[in-house]
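starting from these lines, generate the structure:
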Amino acid sequence: MDNRLEEEARAYHAGSKPGKLEIRPTKPHSTQHDLTLAYSPGVAVPCKDIEADPALAYQYTAKGNLVAVISNGTAVLGLGDIGALAGKPVMEGKGLLFKIYAGIDVFDIEVNETDPARFVEVVKAIAPTFGGINLEDIKAPECFEIEERLKRELDIPVMHDDQHGTAIISSAGLLNALRIAGKKIEDVRIVVNGAGASAFSCTKLYESFGARRENILMLDSKGVITTERNDLTEQKRYFATTRTDAHTLAEAVAGADVFVGLSRPDVLTPDMVRTMAANPIVFALANPHPEITYEAATSAREDIIMATGRSDYPNQINNVIGFPYIFRGALDVRARTINEEMKRAATLAIAALAREAVPDEVLRAYGSGQLHFGRDYFIPKPVDPRLIVRVSTAVARAAVESGVAEKPITDWVAYETELLSRVGLMSHLTRRLHESAKLYPQRVVYAACENPAVLKAAAAARDQGMAYPIMLGEEREIRLLAKELDLSLNGISIVNYRTEEEKERRHRYARLYADQNWRRGGNHTEAQDKMFDPNYFGMMMVQTGEADAMITGIFSKHSQLANVALETVGLQEGTGHLATMHMVSLKNGPLFLADTLINHNLTAEALVDIAVMAYERAHCFGVKPVLALVGFSDFGADTDANSTVQAAKAVAILHEKYSHIPVDGEMRVSMALHADKRDQQYPHNKIKGQNANVLIFPRLSAANACYQLLREADDAEEVLGPIQMGLARPIYFVDQEATVSDILNLTAVAVLDSHACLI
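Residues are numbered from 1 along each chain as shown. Prediction:
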């Protein structure tokens, strides 16, 4: 570690508030009455209830979502026995990971005790506080005794992550690496260099998946562990071999299929790697300096399949892929323990996830244009948002099926939705959109399929069963890009609208377009030229019913697309304007903003039109819409600005003609979002007692800036849009910087819009 990084690390941990964790209240505490309920005398009520029924502690306290990260500091990271206090930054860091990855709260407990029996007594004494216990950085062999006793004597999940976390992740990696190598686990020869807690637990788990003990050689600092030696612990005796022909690491790895290093740097040489079997699997997991560097190993063998413990090389064996989600699943069913069935379930879930297509947000995080199952990717990345659902659900299911769950889950779909909401990965509304779209898959045209995000989104829509994609573009280019991205085009239509084969269709579309636009100077000759544009051609496909919806916008300005849409599919009957709206998912629910892209300076009539469309569209999302026309003043306090005048006129029209819509304004955003403050100052407002969740802006610049500010300031868990309002047919314009997730979300909206059933 260089001096600059050392100073940055010190500054990071000190900062404005020392440490990495803090405690925040979860209940109101601003009034005397609040404090009366929180402490004396109100707190006596749940205390008495828990005394009568201890299980109520999960209902009235934080126990059910609280894990203790407990260590005595005897085996900290690569630092060794540095003591309990010196290990505290690591334990706080573990707590941080629990929180950000799985929404689990943590108290880190540093116990200044090295005697296993006394350590166990301390942990048992404080166990009632917690829903689970994560043992951390305790040296072997004491860690085995400590964990076994606590698991046996406590009725909450206990796991020593240094043992089992590494075992689970490396087992998932090994299963996939063997698949790539074309080998079976029961046939391969495995060399494990290291004989500590991680090595023992990893090898035991490999054995549970079929590895044969007679095919395993384990080494400690003295060499191969054999039955001839009389200095072995119970754990080492378990894997002692009767072979006497191999004593050194060089002798052990000769002809071996798998090397797993859980030891120290630079003990495996390139020459040793060259002696291994074909397609050798090397897991060099000493961290931060592995048993052999990635460069040295891959230079030694072109056919090597390698993993390390480092994030800067492919296939990182990182415990964060497992422990947050294992505890999440165990806590959610109130498991009495974390048993072997749950560990195996986590392993298989992680392995299976790596064999699926990689989400766009993961590719962006790692700066990779492509990442697919193979030698350079057989373990999921720690930032993969699917881990919480796949691993937690697998663990919870295994707990229920193995009979250790005190609170079995029956609705697994609802549980998955709850998991996603815990860390803000996908709002409930968005998930419901996806599930609904799968019930009504439609033909969706995608322009700009030369863009990787568009191509991947179209393939994902097909894979999820929500659409039958139609790609516009040159077939050869699309197929080359698909091959580069490792995407299958099965089930996807490709239409090269510029070819001679499409000449008749271009003429047909041009005639229809000219007929629709003759009052605006439209003629057949100009219309024929327009049909060489993918936006005109695609929108005419939707207009003629040869497709059901269209997604475009990556390479085009929204103002241009709006004009094309108005000329091709036109406005919905009874509507005078085209507009767009964004849904921003905040912690306290969704907030809709309009118009964010199309209309600049709005008249009263346009504001009314947009407000009515926004109300109807928000209602379709299953939300009870409450509208506010927002500005820089409240209820006519400033009548000099034209925007204020137009907003006041619009509100009057809405109250007169659309009395069923809860709406008022104009008002500042703070008044719109806080009913208590608004009602106190303006008790006669028409949305009294309700926080607005649909904001109508008199200026496009204000609406656009607002949604972008919320997105960039990280206040929003998710932004969905732009949601089209007013067109006769579902033509959706994505933002030019749209991600695969953004395009996929709008595909779901477009599919449901085309089926006239948004939810």
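
what kind of secondary structure is residue 599 in?
coil (DSSP: H, G, I helix; E, B strand; the rest coil).

what's the neighbour count on residue 152?
By the criterion of other CB atoms under 10 Å, residue 152 has 9 neighbours. Glycine gets a C-beta too; all of them are placed from N, C-alpha and C.

confidence score at it?
Residue 152 carries a pLDDT value of 94.

in three-state terms, label it for me.
helix.

quickly find the element holding the residue nearest the centre of the chain.
By CA atoms, centre = their mean, the chain has its centre lying nearest to residue 385, at 2.1 Å. Following DSSP states H and E, there is no helix or strand that holds residue 385.

again, but for the one 3 residues further on
Element membership of residue 388 [criterion: DSSP H and E] is helix 387-401.

before we move on, back to that, state the distance from the residue nearest to the centre of the chain to residue 29.
33 Å (CB to CB, to the nearest Å).

also residue 380?
Residue 380 sits 40 Å away from residue 29, taking CB to CB as the criterion.

more crowded one of the two?
residue 380 (28 against 11).

so the more buried one: helix, strand or coil?
coil.

wait, what's in contact with it?
For residue 380, the contacting residues are 321, 350, 353-354, 386-387, by CB atoms under 8 Å, 6 or more residues apart in numbering.

what of residue 737?
So residue 737 contacts nothing (CB under 8 Å, 6+ apart).

before we move on, what about residue 359?
Counting by CB under 8 Å, 6+ apart, residue 359 touches 384-386, 740-741.

got it, and residue 199?
Contact partners of residue 199, counting by CB under 8 Å, 6+ apart, are 192-193, 218, 260, 262-263.

and with 6 Å instead?
Contacts for residue 199 (CB atoms under 6 Å, 6 or more residues apart in numbering) come out as 192, 262.

now it: which helix or strand?
Going by DSSP H and E, residue 199 is part of helix 197-208.

after that helix comes which helix or strand?
Scanning forward in sequence from helix 197-208 by DSSP H and E, the next helix or strand is strand 216-220.

next, the angle from that following strand to helix 197-208.
180 degrees (axes from the mean of the first three to the mean of the last three CA atoms, to 10 degrees).

continuing past strand 216-220, what's the next helix or strand?
Next in sequence after strand 216-220, counting helices and strands by DSSP H and E, comes strand 223-224.

could you identify the helix or strand that succeeds that next one?
Scanning forward in sequence from strand 223-224 by DSSP H and E, the next helix or strand is helix 234-238.

which parts of that following helix are buried?
Judged by neighbour count (16 or more other CB atoms under 10 Å), helix 234-238 contains these buried residues: 235-236.

after it, next one along is what?
Past helix 234-238, the next helix or strand by DSSP H and E is helix 249-253.

in that next one, what counts as buried?
Quick answer for helix 249-253 (16+ other CB under 10 Å): 249, 251-253.

chain center to that helix: distance?
Helix 249-253 sits 42 Å away from the centroid of its parent chain (CA atoms, centre = their mean, to the nearest Å).

and the following helix or strand past it, how far out from the chain middle?
Downstream of helix 249-253, the next assigned helix or strand under DSSP H and E is strand 258-261. The chain centroid and the centroid of strand 258-261 are separated by 31 Å under CA atoms, centre = their mean.

partner strands of strand 258-261, with direction?
Strand 258-261 has its sheet partners listed here by DSSP bridges as strand 190-193 (parallel), strand 281-284 (parallel).

avg pLDDT for it?
96.

mind saving the C-alpha coords of stretch 535-549 as PDB?
Output in PDB follows, covering the C-alpha atoms of stretch 535-549 (Å, rounded to 0.1, in the frame of the first residue of the first chain):
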ATOM      1  CA  ASN A 535     -38.200   6.600 -37.300                       C
ATOM      2  CA  TYR A 536     -40.700   7.200 -40.100                       C
ATOM      3  CA  PHE A 537     -40.600   3.600 -41.300                       C
ATOM      4  CA  GLY A 538     -41.000   2.200 -37.700                       C
ATOM      5  CA  MET A 539     -43.800   4.500 -36.700                       C
ATOM      6  CA  MET A 540     -45.700   3.700 -39.900                       C
ATOM      7  CA  MET A 541     -45.300   0.000 -39.000                       C
ATOM      8  CA  VAL A 542     -47.200   0.800 -35.800                       C
ATOM      9  CA  GLN A 543     -49.700   3.000 -37.600                       C
ATOM     10  CA  THR A 544     -50.600   0.200 -40.100                       C
ATOM     11  CA  GLY A 545     -50.900  -2.400 -37.400                       C
ATOM     12  CA  GLU A 546     -47.800  -4.300 -38.600                       C
ATOM     13  CA  ALA A 547     -46.300  -3.700 -35.200                       C
ATOM     14  CA  ASP A 548     -47.900  -2.800 -31.800                       C
ATOM     15  CA  ALA A 549     -45.400  -0.300 -30.300                       C
END
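
before I go, just wanted to say thanks for your time.
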